[in-house]
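> Got a predicted model here, sequence first, then my questions.
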Amino acid sequence: MGNIITAKNIVKRYSKHVALNDVSFTVPQGTIYGLLGPNGAGKTSMIRIINQITAPDSGEVLFNDEKISPQHTKQIGYLPEERGLYKKMKVGEQSLYLAQLKGMDKADALAKLKKWFIKFDIASWWDKKVEDLSKGMQQKVQFIVTVLHEPKLLILDEPFSGFDPINVEIIKGELLRLKKEGVTIILSTHNMASVEELCDNITLINQSKAVLEGKVNELRHNFKLHVWEVKFQGTEDAVKNALHGKFELLGLSPENNLTVAKIKIPEGQNSNDLIKTLLPSSTIIGFSEILPSMSEIFISAVTKTNPTK
Amino acid sequence: MSKIALIIQREYVTRVRKKSFLIISILGPLLFGGIFFGVGLISTTKNENQRVVVVDETKTLCGILESNATVHYDYGYCNIDVASVKKIFADSAHVSVLYIPPSEQVIQVQLFSKDDPGDDVVSAIEYQLNNTMERAKMKAENLDQSTIDKVKSNIKVKDIVNNKVTNTDYNAGLGYACSLLIYMFIFLYSVQVMRGVMEEKINRIVEVIISSVRPFQLMMGKVIGVGLVGLTQFLIWIILGFGVYHTSSAYFQSQEINPKNAAITQTYKTGMPVQNDNLNAAGKIQKKDLSGAFDSLDNMLRSTDWILVIGGFLFYFLGGYVLYSALFAAVGSAVDQETETQQFMLPVTAPLILSIVVMGSIITNPHSSLAVWFSIIPFTSPIAMMARIPFGIPMWQLGLSMVLLIASIFGTVWLAGRIYRVGLLMYGKKVTYKELGKWLFYK
């Protein structure tokens, strides 16, 4: 399958700063793509360019290999980070209005809205004013309106903020279901756990530049620090003595009747060497490599490109 | 339905359904009608008159001046010295002491009061004194009433423009009313557009919407939708206002044909009392006056080119509204809070306020160069031109003014659209004019 979005050398300047400096990336169709980066890095500028809310100063965005144009807006669903609703308008009426603005006809929109409202358990709120809804309910309405017109591409900016853990799980489930149906999702979030859980690929933007791009699995492998976790039966001293001078012991902690050690394997050695070293002094119960979390990768990539900090 | 039609529909429906729309639609004309009615009622039923204690040292006017609706003369202190009379009434409200010193000419008349009795009282006294003295002098010169009537003249200038009888006061009134209405509507509804823009920005719904429609569509949808609300309200006002005017004027007509009321009105107007036996005559005179007034009103209404006035009103009302509401939309988009609108409101509204300020001068002299320029320059023309149209204006001026207004609507809407699309997404910082300028050139 091809790429649904191709961003080529995007540059966006504002009066006092450069928001995006030569950013390129591709979003493969049918995947969940994480757009990551610290606050003010340029993520929102990038998202607004894909949504054609603003235009880049140079560079271009392709949608399914065509230059992106207003006719593509009905194939895109966008949930901005700063999202609101008309407070004085009724929930149903407002949802219908927003759906029609996306190009849906009224009857179709009404039928689909009813289904979603039942699914999300907010059908009884149809005739209530938005100001009477809790924040979580407003978020549900916004999510429904974003996906209602069955877009091929969903762009979600911090979709989980404002939701309680139960609703976060509901939304995650919906995203995975949509992905299964072939929808591509661009996810911008600071919640690194959900990135690990959901995203196939990511791009990390820092200080207006794309500093890291790739598959989540591969990135975690590429960034690994060769630290292993070993569970064993035996005395701590025996293990310490065995490792001494050969492997770096990063930590020891008891777990039930066992002991868990974190051990770094130096360059030139491999996991077999570690096992060989440990075998004489202890009984190994478990042995696994610790991959860095996305959060650790994020922090290390950002600090690497921020030399001043 | 196209997207812009959807936006127009939402803007229109949500506003028209509001209770405040209904209240203003009904209360507006009632309020205006009520003010007219109230003023009419007060002036026809005025019965609280000023007590004027007369101290007359000439001994000629005691009991001569007659009390009326405005002034009640008290002759009980006529021969007491003025200083002690003044002392008696020093602390009484609504009492004046009229002191006529010993003199053959009666020129040094003084009126002492605790509080200002007002122009009406003073003029009524002056009128009666002068009138009485005049008659006394004429009598002394042996002139009889018929001779006096003969020498009196009553010249009225008939104003004929383009072979039509017109009335300058009436034209001025019509011009003033049209301009004021346009001014009011531009302000009222442009501010509504601004509020609407700010609501969407502050609510943060705007980003959702402009991912579906272009910002320009959203802005124009709002401008058109609110403009239609204005037209609707205007229509309701005309219908209701006509009804209220009709009812209240019918009420006053029936009141004035009643002889007693007519006498009071006449007394009030002339400051001269009407004797009881003359009441019926006064009623007839009033009735004749009224039908004469209606005839001349009818003539005046006929003298107006209504197609031009109504056409001009609609054109300048809509043109002026679109011009200003686009600017107000830009202002609304550039700020985060209502209080920040002030700095941008002033330059936007300055031409509007200026045209109201010079309107008096335009109406007294509708063909001066000031009037001509103000009615051609687009930002003041909606108000200034409407003030001039009833007087009759050269067609080339009207044409030029309209063309310039349309051209500047395009310019302003474009400009406002550029600011609007950037302003909508700018949060948290105060915007300067320099920055607004830069926004125009953002891609």
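Nice, I can see it. Since this is a predicted model, take the numbers as computed values, not measurements. Numbers count the residues shown, from 1 in each chain, chains lettered A, B, ... in the order given.

> Show me where the chain has its strands.
No chain specified, so I'll use chain A. For chain A, the strands identified by DSSP state E occupy A:3-13, A:18-28, A:32-36, A:58-63, A:66-67, A:76-79, A:153-157, A:184-188, A:201-206, A:209-215, A:227-233, A:248-255, A:258-264, A:283-290, in order along the chain.

> The intended chain is chain B.
Counting by DSSP E, one finds strands in chain B at the ranges B:50-56, B:71-74, B:95-100, B:110-113, B:159-161, B:164-166.

> Mind putting those into a markdown table with mean pLDDT?
Rendered in a markdown table, the data for the strands of chain B read as follows (pLDDT from 0 to 100):
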| stretch | mean pLDDT |
| --- | --- |
| strand B:50-56 | 84 |
| strand B:71-74 | 84 |
| strand B:95-100 | 84 |
| strand B:110-113 | 84 |
| strand B:159-161 | 67 |
| strand B:164-166 | 61 |
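
> could I get those strands as JSON lines with distance to B:Y433 and mean neighbour count?
In short, each C-beta sits where N, CA and C put it, glycine included. As requested, the strands of chain B are exported to JSON lines (distance: least, Cβ to Cβ, whole Å; neighbours: other Cβ atoms under 10 Å in any protein chain shown):
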{"stretch": "strand B:50-56", "distance to B:Y433": "58", "mean neighbour count": "22"}
{"stretch": "strand B:71-74", "distance to B:Y433": "61", "mean neighbour count": "19"}
{"stretch": "strand B:95-100", "distance to B:Y433": "59", "mean neighbour count": "22"}
{"stretch": "strand B:110-113", "distance to B:Y433": "57", "mean neighbour count": "16"}
{"stretch": "strand B:159-161", "distance to B:Y433": "47", "mean neighbour count": "12"}
{"stretch": "strand B:164-166", "distance to B:Y433": "47", "mean neighbour count": "16"}
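
> where does chain B have its least confident helix or strand?
Comparing every helix and strand of chain B by mean pLDDT, DSSP states H and E singles out helix B:259-270 as the least confident one, with a mean of 45.

> For the residue nearest to B:P382 when sequence neighbours are not counted, list the residues it contacts.
Take B:P382 and drop its neighbours on the chain: the residue closest to it by Cβ to Cβ, 6 or more residues apart in numbering or on different chains is B:G320, 2.9 Å away. Under the criterion of Cβ atoms under 8 Å, 6 or more residues apart in numbering or on different chains, the contact list for B:G320 reads B:I182, B:I186, B:S381, B:P382, B:I383, B:L405.

> Go again with 10 Å.
Contacts for B:G320 (Cβ atoms under 10 Å, 6 or more residues apart in numbering or on different chains) come out as B:182-183, B:185-186, B:190, B:352, B:355, B:378-383, B:385-386, B:405, B:409.

> Which among the strands of chain A is found nearest to chain B?
For these, distance to chain B was read as Cβ to the nearest Cβ. The smallest value, 4.2 Å, belongs to strand A:76-79.

> which other helices and strands contact the closest one?
Based on contacts counted as 3 or more Cβ pairs under 10 Å, 6 or more residues apart in numbering or on different chains; DSSP states H and E, the elements that strand A:76-79 packs against are helix A:43-50, helix A:135-147, strand A:153-157, strand A:184-188, helix B:206-209.

> Residues touching it, excluding its own?
The set of residues that contact strand A:76-79 without belonging to it, under Cβ under 10 Å, 6+ apart, is A:4-5, A:47-48, A:50-53, A:63, A:68, A:102, A:139, A:142-143, A:145-159, A:178, A:183-186, A:188, B:207-208, B:210-212.

> change it to 8 Å
Counting by Cβ under 8 Å, 6+ apart, strand A:76-79 makes contact with A:47, A:50-51, A:102, A:142-143, A:146-149, A:151-157, A:159, B:207-208, B:211, all of which sit outside it.

> And for the closest residue to chain A within the stretch 251-400 of chain B, the neighbour number?
With Cβ to the nearest Cβ, the shortest gap between the stretch 251-400 of chain B and chain A falls at B:D336, namely 12.1 Å. Per other Cβ atoms under 10 Å in any protein chain shown, the neighbour tally for B:D336 reads 16.

> Not counting its neighbours along the chain, what's nearest it?
Once flanking residues are discounted, B:D336 sits nearest to B:Y427: 6.1 Å by Cβ to Cβ, 6+ apart.

> Tell me the predicted confidence for that neighbour.
In this prediction, B:Y427 carries a pLDDT score of 80.

> now do B:D295
B:D295 carries a pLDDT score of 57 in this model.

> cool, and the one 10 residues further on?
Predicted confidence (pLDDT) for B:D305: 76.
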